[in-house]
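J.: coordinates for the following, if possible.
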Amino acid sequence: MRLIEKSDTDLVQALMDGDVDSFVVLCHRYYPSLVAVARAVLGDGHLAEDAAQEALAKACRNLDSLKDPSRFGAWLAAICRNEARCILRRRPAVESLGQRDVLAETSDEGADVDVVRRALDSMPAASRELLYLRYRNDLSYDAIAELLAISVEAVRGRLWRAKQDVAAHLERERTRERRPL
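T.: Numbering: from 1, shown residues only. All right, here's what the predicted structure looks like:
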């Protein structure tokens, strides 16, 4: 069996036995999801990549603290979430707008993107995390459930509530725009 076809449990066990190539496969497998998890906390793609990379490094250094190799994904996501929170605490309170944000505000499409971004920013990080994993990373409900160590039914329910929250926020924005001054 090729290394890439092995289960997480088999790859983690091989890594614990000294097979460094197994960690490379796990990194490729989880990196996009880790970026989504961190982005939900940080709201910044570049910082999210930093958090994901640091989480992978910490996971490699602390692999002996993983008690159940079959829960590697959930364990790794928790490390990444904690790393993102650490970055958030260290981040300056005031940040300048990036060039991408300025461009988004000057176009009609950018206004729509900005409204959606504000809707996401108003949500709890756990809801943003689910939305990013599902719609930005295109993960299945099963994959999200495994990564977050929750049931598929919980994923469905939480995603439904998160989408309802976004819809409610967008409706409030539309109502505010239609109101005469």
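
J.: helix or strand with the lowest mean pLDDT in the protein?
T.: Lowest mean confidence among the helices and strands of the chain (mean pLDDT, DSSP states H and E): helix 99-106, at a mean of 37.

J.: can you map out the strands along the protein?
T.: Using DSSP state E, no strands are found in the chain.

J.: so, low pLDDT: which residues of it?
T.: 92-111, 179-181 (pLDDT under 70).

J.: domain ranges for it, per the record?
T.: For the chain, automatic domain parsing gives the domain ranges 1-95, 98-181.

J.: deepest-packed of these, please.
T.: domain 1-95 (a mean of 17; mean count of other Cβ atoms under 10 Å). (Glycine included, C-beta is placed from N, CA and C.)

J.: which stretches of this protein form helices?
T.: Using DSSP state H, the helices of the chain run over residues 8-16, 20-42, 45-61, 72-90, 99-106, 108-121, 125-131, 141-148, 152-178.

J.: please find the angle between the direction vectors of the last one and helix 141-148.
T.: In other words, helix 152-178. In terms of direction (axes from the mean of the first three to the mean of the last three Cα atoms, to 10 degrees), helix 152-178 departs from helix 141-148 by 100 degrees.

J.: next, the angle from helix 152-178 to helix 108-121.
T.: Interaxial angle, helix 152-178 versus helix 108-121 (the same axes, to 10 degrees): 130 degrees.

J.: helix 152-178 packs against which elements?
T.: Counting contacts by 3 or more Cβ pairs under 8 Å, 6 or more residues apart in numbering; DSSP states H and E, helix 152-178 is packed against helix 108-121, helix 125-131, helix 141-148.

J.: which strands or helices does the longest one pack on?
T.: It refers to helix 108-121. helix 99-106, helix 152-178.

J.: any idea which of those gets closest to residue 33?
T.: helix 152-178 (13.3 Å; Cβ to Cβ).

J.: chain center to the closest one, what's the gap?
T.: Averaging C-alpha positions (Cα atoms, centre = their mean, to the nearest Å) puts helix 152-178 18 Å from its chain's average.

J.: quick one on the thing from earlier: now render the helices of the chain as a markdown table, adding distance to residue 1.
T.: As requested, the helices of the chain are exported to a markdown table (distance: least, Cβ to Cβ, whole Å):
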| stretch | distance to residue 1 |
| --- | --- |
| helix 8-16 | 8 |
| helix 20-42 | 12 |
| helix 45-61 | 23 |
| helix 72-90 | 18 |
| helix 99-106 | 43 |
| helix 108-121 | 40 |
| helix 125-131 | 32 |
| helix 141-148 | 20 |
| helix 152-178 | 27 |
